[in-house]
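Novice: Need coordinates for the below:
(chains A and B)
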Amino acid sequence: MTPTAETMISRSRAYARQERRRRLGPLSALTHVALLVWTVLVVVPILWTFLASVKSEDEIFGDAWSLPVSLRLDNWARAWEQAHVGQYMINSIVVVGAGTFGTMLFGSMAAYVLARYRFRGNRAIYLLFVSGLAFPVYLALTPLFFVVQNMGAVPVIGRFIGLNSHGGLVLVYIAYSLPFTVFFLAAFFRTLPGAVAEAAFVDGASHTRVFFQIMLPMARPGIISVTIFNVLGQWNQYQLPLVLLPADKEKWVLTQGIADISTAAGYDADWSALFAALSMAILPMLIVYTIFQSQIQKGLTAGALK
Amino acid sequence: MNYGRTRFVTGFLAIPVALYVIYVIAPYAQAFYIAFTNWRGVSADPQFVGLENFRRLLDDDVFWKAVGHNLILLILMPVLTIGIALLFAFLLNSGGRGGTGGVWGSKFYRVVFFFPQVLAVVVVAVLFQQVFRPDRSGMLNAPLIALGFEPVGFLSDTDVALWALLGVLVWQAVGFYVVLFSAGISSIPRDMFEAASIDGAGGAQLFFRITLPLLWDTIQVGWVYLGIAALDVFAVVWVMTAEHGGPDSSTTVMAAEIYRNAFQYFRFGYASAMGVVLFFFTIGFAALALRLSRRERIEF
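Specialist: Okay, the predicted model is just below:
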């Protein structure tokens, strides 16, 4: 490109920029007004919850916009201990941790084999997994309940995988997370170059070793995206625990616990503890999100666009 | 390199396929059978009753109300969410350099708008149950009462409740689609905006002639996602509303009726028939959405 052509292009770019700025002048102020309005709509209910969590009962029943006279931090202690929010949160972490780990392990194994090995039935198994993306979970709810109930009757391990067990819920989470995980990761594994793996095979590495030590690390960006997707999806679950952990409050996950405190609050009313419990459910998610926000946004967007 | 290949493939597939068949495929297959029985959980062997459940469904007013509410959500939730999200995505990406740089603070807005997305739906539902409280302890009614207006029964007025829920659903969903559409917009080459600008295109023209057509694939994905989400609405209704879908069934949805019939009334056959109807709604919607929005794909 000649220098003149370059100058001309950069000039016309500068001109276009100026032009746009000139036209958007008044619009630009409106832009910020609109964006700030939505910011307020998002932030205020959340801040308001935190505020209510340190109010006394009387203050909560008074004007919604009043400030607390003193900070009632004992609300938080009551929610954590007496309303069992601490226990629910630990249960959620255990179930989602195990569920996501299992999903990623088994999902990536299946996706890898389906993406990179040719054998009879490959296509059929792949379609079987992917078809699960289209089914509404509510259709399977009743039979699923009985499947898990029957698992409880299996000798020895039954009590760890039946109804009202975390193991049972974890297995169900894994199974229902597989369609998306396999779909996404299979597409990802297909794009990886084969040369490194070939070299490892020549050096005598086994298939398993090639998978864990070469292919899995190469697939890291995809793995991270899907992990985020699964963590949020499983943490969010309410319907499945409601059906599969019906009794035994000790085992409930956080979403069940929060919903229950809200319902119970109608009768025996520890409103301040309800707001504290809500804050406790919100705060860690916001902190973790704020730290990893760019990765979370990228991961979820990549997930949606595949 | 073929040594142990078959054993490896089988070994890697065994557990995932087994879990998937036991917990996903088998229940779905059974659900279609159960839908044709009168199973209520008490008798050991359910009787086959043919289309009886579906005939009964036709006369079930509450179920049709639920279907109606799902259809309202199916139309309005994607329209509102995508509309608002597109507006913000466009605003966020317009101001700055040559149409794609982003306004001042766009990163901040993107982070904040996304907040609701990382909260569990149940948490959002309980939060808004408090926001909507009918007296002056509710965030929205407090200013109304202070200004001398009648408080609004956001969740207790049969004419208002469904719209309140729709608001919550849109509130939670918008942020994700702002980020999704922003990513789409920023992948459109800058030159296109510049060229159009030089040719005298204004903000609206840039939006309708360039941004929208080039974003169409992404919008379509969002539309299918939101539509399926609208058909699957459960927690917001179950947690927020009186009688889990009230008052007077004014907010109930298919998922809530399925759960209620199965696990509160123990009408497993009947609930499964509802599930089959929901299944066909979902498949039908997805097929229709993809068909209607198919367009010439623009490569860039």
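Novice: who's in contact with residue 185?
Specialist: In the absence of a named chain, chain A is used. Taking Cβ atoms under 8 Å, 6 or more residues apart in numbering or on different chains as the contact definition, residue A:185 lies against A:107-108, A:111-112, A:115, A:219, A:222-223, A:226. From N, CA and C alone the C-beta is placed, and that goes for glycine too.
Novice: was after chain B, sorry
Specialist: B:89-90, B:93, B:100, B:211, B:215.
Novice: Surely it forms part of a helix?
Specialist: Yes: counting by DSSP: H, G, I helix; E, B strand; the rest coil, residue B:185 is located in a helix.
Novice: Which helix or which strand is home to the residue nearest to the spatial centre of chain A?
Specialist: The residue lying closest to the centre of chain A (Cα atoms, centre = their mean) is residue A:232, at 0.8 Å. Here residue A:232 sits within helix A:220-236, counting by DSSP states H and E.
Novice: Next: residue B:262.
Specialist: Using DSSP H and E, residue B:262 sits within helix B:254-263.
Novice: on contacts alone, who are the packing partners of that helix?
Specialist: For helix B:254-263, the packing partners by 3 or more Cβ pairs under 8 Å, 6 or more residues apart in numbering or on different chains; DSSP states H and E come out as helix A:137-151, helix A:239-244, helix B:61-94, helix B:235-240, helix B:268-292.
Novice: now those as CSV including mean neighbour count?
Specialist: Output for the helices and strands packed on helix B:254-263, formatted as CSV (neighbours: other Cβ atoms under 10 Å in any protein chain shown):
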stretch, mean neighbour count
helix A:137-151, 22
helix A:239-244, 22
helix B:61-94, 20
helix B:235-240, 24
helix B:268-292, 19
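Novice: Which one of the ones you listed lies nearest to residue A:85?
Specialist: helix A:239-244 (15.3 Å; Cβ to Cβ).
Novice: just the angle between the very next helix or strand once past the closest one and helix A:220-236, please?
Specialist: With elements assigned by DSSP H and E, the helix or strand that comes after helix A:239-244 is helix A:254-268. With axes from the mean of the first three to the mean of the last three Cα atoms, to 10 degrees defining the directions, helix A:254-268 sits at 20 degrees from helix A:220-236.
Novice: Helix A:254-268 - contacts with which helices or strands?
Specialist: By 3+ Cβ pairs under 8 Å, 6+ apart, helix A:254-268 packs against helix A:85-116, helix A:239-244, helix A:271-305, helix B:121-131, helix B:235-240.
Novice: Okay, angle between that helix and helix A:271-305 too, please.
Specialist: Here helix A:254-268 runs at an angle of 150 degrees relative to helix A:271-305 (the same axes, to 10 degrees).
Novice: and helix A:254-268, how far out from the chain's middle?
Specialist: 22 Å (Cα atoms, centre = their mean, to the nearest Å).
Novice: likewise stretch A:240-256?
Specialist: Distance, centroid of stretch A:240-256 to centroid of chain: 18 Å (Cα atoms, centre = their mean).
Novice: quick revisit: tell me which of the helices and strands packed on helix B:254-263 approaches residue B:145 most closely.
Specialist: Using Cβ to Cβ, these put helix B:235-240 closest to residue B:145, at 21.3 Å.
Novice: Rounded mean pLDDT for the closest one, please.
Specialist: Helix B:235-240 carries an average pLDDT of 94.
Novice: can you tell if that helix touches chain A?
Specialist: Yes: using Cβ under 8 Å from any Cβ of the partner chain, we find that helix B:235-240 touches chain A at B:235, B:238-239.
Novice: residues making contact with that helix?
Specialist: So helix B:235-240 is in contact with A:238-239, A:255, A:259, A:262-263, B:121-122, B:124-126, B:128-129, B:132, B:155, B:165, B:168-169, B:244-245, B:251-253, B:255-256, B:259, going by Cβ under 8 Å, 6+ apart.
Novice: Just the buried ones from these?
Specialist: A:238-239, A:255, A:259, A:262, B:121-122, B:124-126, B:128-129, B:132, B:155, B:165, B:168-169, B:244-245, B:251-253, B:255-256, B:259 (16 or more other Cβ atoms under 10 Å in any protein chain shown).
Novice: Select the helix or strand of chain B having the lowest average pLDDT value.
Specialist: The helix or strand of chain B with the poorest confidence is helix B:203-205; it has a mean of 78 (mean pLDDT, DSSP states H and E).
Novice: distance of residue B:121 from residue B:239?
Specialist: 8 Å (Cβ to Cβ, to the nearest Å).
Novice: Which residues are in contact with each of the two?
Specialist: Counting by Cβ under 8 Å, 6+ apart, the residues touching both residue B:121 and residue B:239 are residue A:238.
Novice: How about the residues of the stretch 201-306 of chain A by chain B?
Specialist: So far as Cβ under 8 Å from any Cβ goes, the stretch 201-306 of chain A lies against chain B at A:201-202, A:206-208, A:211, A:232, A:235-236, A:238-239, A:242-243, A:246, A:254-256, A:258-259, A:261-263, A:274-275, A:278, A:281-282, A:285-286, A:288-290, A:293, A:296-297, A:300-301, A:304-305.
Novice: before we move on, the earlier item: run the chain-centre distance for the helix holding residue A:232.
Specialist: Distance of helix A:220-236 from its chain centroid, counting by Cα atoms, centre = their mean, is 6 Å.
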